[in-house]
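*Asks:* curious how this folds, go ahead:
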Amino acid sequence: MIDFSQALQDKIDIITENWIEAVRADEQIETAKQLTYTSVRDSLPIVLQAIVTMLSQSEESDIRTLIEKSLDHGTVRAKQGYDAEEIAREYRLLRRVIFDAIEPELLKGSAAEVSRAYRLIDSALDEVIADCFKTYTEARFQELQELQNQLQLTNQELNRLLRASQENLSHLAHELKTPLTSIIGYSELFLRQRNNPGLKDSAPNLAHIDKVLTNGRLLLRLINDTLEISRYDAGRIKLQLSATNVRSAIGTVVEILDPLAKAKNLEIAVECDPVLDQVMTDYLRLQQILTNLASNAIRYTQAGTITIKTELLPDQHWSICITDTGIGIASEDCDKIFMPYFRADNSLAPYIPDSTGLGLAIVARLVNLLQGKIELVSQIGVGSSFTVTFPLEIDRF
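*Replies:* The predicted structure is shown next:
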């Protein structure tokens, strides 16, 4: 009597090697060529061992092991990116390799023994294939569900961005309308007066020219600020990191803004930690943040002091705080103040002709770019305090 189970047991390694070679040689199983030997081998020896048990005349058939391993195999192949046809071809090759390996023993067996061996091996492989495809299909379906969920989230985000873009475009159009209308109006006035040389250098005419220039500059700022936000949102702002002396950066900003402060009889007080002389950051972007925050403080402060204070913090961080004694911001507006074109509804707020409504939106984006965070504390009629915290050294990407 031929013991086919022992014959298969002795040739498990040979069958495994021959099967992997056949799979990799098959031009229609492309996924296997991208995997390692171990990944292709998978759990095949254990499946073969279970078939050995089924062929044994002294042990009960090991269907449970077959089912468990074939279920695992389907899940693994789904994760590895196989398609259904590739899996089917793998098992077709396995069937051929098994029978080729035990062919010498099959030729020596009786018709009944050979029939039993064929039947058990075919039954085992059919069971393996059925269970493998079951879990493969379930895994693929799960992937499709996850993909669908991701697509829904992506679609929602795209719709949100589209609405935000439309709102921003509407805001921008509204902001551009006022200075453009003013420029067009004064230009038409100049055209009507072109035949009256006496009005050319008069005080009213010079005032009109000044208003045209003011509105032209506002248009340029609106466009530049909008482009700055667009560059950030598109990921096109590149940092130029260097060792930066914070006191020097603040001194430059104060020198630029001092005339604006003196025009309103405001004092700018600086308290700078002397340790902060070698901070690794982008000097120009840091200066841009300081300029926007300090100029905003001057714009919305009628009397008092603008304080700029830096401090070395634990955990390799530092902070800069810009405090004013201005009109303040209502608590319900503090979270919205960094949104493009948002302006707080404050009866104490004076009309600011050169404000674009984009300064703080730019600040928030630049702070994030410099791996920092910004916090606002404000009280109506008392003033506002913007605190920005940065790492001493920005991570290089």
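*Asks:* which parts of the protein are strands?
*Replies:* 241-244, 267-271, 279-282, 305-313, 317-323, 373-379, 383-391 (DSSP state E).
*Asks:* please identify which of those strands is closest to residue 7.
*Replies:* Closest to residue 7 of those, according to CB to CB: strand 383-391, at 67.8 Å. Backbone N, C-alpha and C define where each C-beta goes, glycine included.
*Asks:* per-residue confidence averaged over that closest one?
*Replies:* Mean per-residue pLDDT for strand 383-391: 95.
*Asks:* for it, packing partners?
*Replies:* helix 283-299, strand 317-323, strand 373-379 (3 or more CB pairs under 8 Å, 6 or more residues apart in numbering; DSSP states H and E).
*Asks:* give me that answer again for 10 Å
*Replies:* With contacts defined as 3 or more CB pairs under 10 Å, 6 or more residues apart in numbering; DSSP states H and E, the packing partners of strand 383-391 are strand 279-282, helix 283-299, strand 305-313, strand 317-323, helix 359-369, strand 373-379.
*Asks:* please report how far residue 24 lies from residue 88.
*Replies:* 17 Å (CB to CB, to the nearest Å).
*Asks:* with residue 395 instead?
*Replies:* For residue 395 relative to residue 88 (CB to CB), the value is 49 Å.
*Asks:* who has more neighbours out of these two?
*Replies:* Per other CB atoms under 10 Å, whichever of residue 395 and residue 88 has more neighbours is residue 88, with 15 against 8.
*Asks:* am I right that the more buried one is in contact with residue 130?
*Replies:* No: counting by CB atoms under 10 Å, residue 130 is not a contact partner of residue 88; they are 11.6 Å apart.
*Asks:* give me the common contacts of the two.
*Replies:* Taking CB atoms under 10 Å, 6 or more residues apart in numbering as the contact rule, residue 88 and residue 130 touch no residue in common.
*Asks:* circling back: closest one to residue 257 among the strands of the chain?
*Replies:* Among the strands of the chain, strand 267-271 sits nearest to residue 257 (CB to CB), with 7.1 Å.
*Asks:* that closest one - contacts with which helices or strands?
*Replies:* helix 246-263, helix 283-299, strand 305-313, strand 317-323.
*Asks:* so which of these comes closest to residue 5?
*Replies:* Among the helices and strands packed on strand 267-271, strand 317-323 sits nearest to residue 5 (CB to CB), with 69.0 Å.
*Asks:* can you give the distance of the closest one from its chain's centre?
*Replies:* Chain-centre distance of strand 317-323: 27 Å, with CA atoms, centre = their mean, to the nearest Å.
*Asks:* what mean pLDDT would you report for it?
*Replies:* 95.
*Asks:* what score does residue 340 have for pLDDT?
*Replies:* Note on residue 340: pLDDT of 75.
*Asks:* setting aside sequence neighbours, what's the nearest residue to it?
*Replies:* residue 361 (4.3 Å; CB to CB, 6 or more residues apart in numbering).
*Asks:* quick check: the one you found touching residue 338?
*Replies:* Yes: with contact defined as CB under 10 Å, residue 361 counts as touching residue 338 (5.8 Å).
*Asks:* who's more crowded, those two?
*Replies:* It is residue 361, of residue 361 and residue 338, that has more neighbours when counted by other CB under 10 Å, with 23 against 17.
*Asks:* do you know the pLDDT at that one?
*Replies:* 85.
*Asks:* tell me the contacts of residue 298?
*Replies:* Neighbour list for residue 298: 257-258, 260-261, 263-264, 266, 268, 306, 324, 326 [criterion: CB under 10 Å, 6+ apart].
*Asks:* if you set the cut-off to 6 Å instead, what comes out?
*Replies:* When contacts are counted by CB atoms under 6 Å, 6 or more residues apart in numbering, residue 298 touches 260-261.
*Asks:* next: residue 148.
*Replies:* For residue 148, no contacting residues are found, by CB under 6 Å, 6+ apart.
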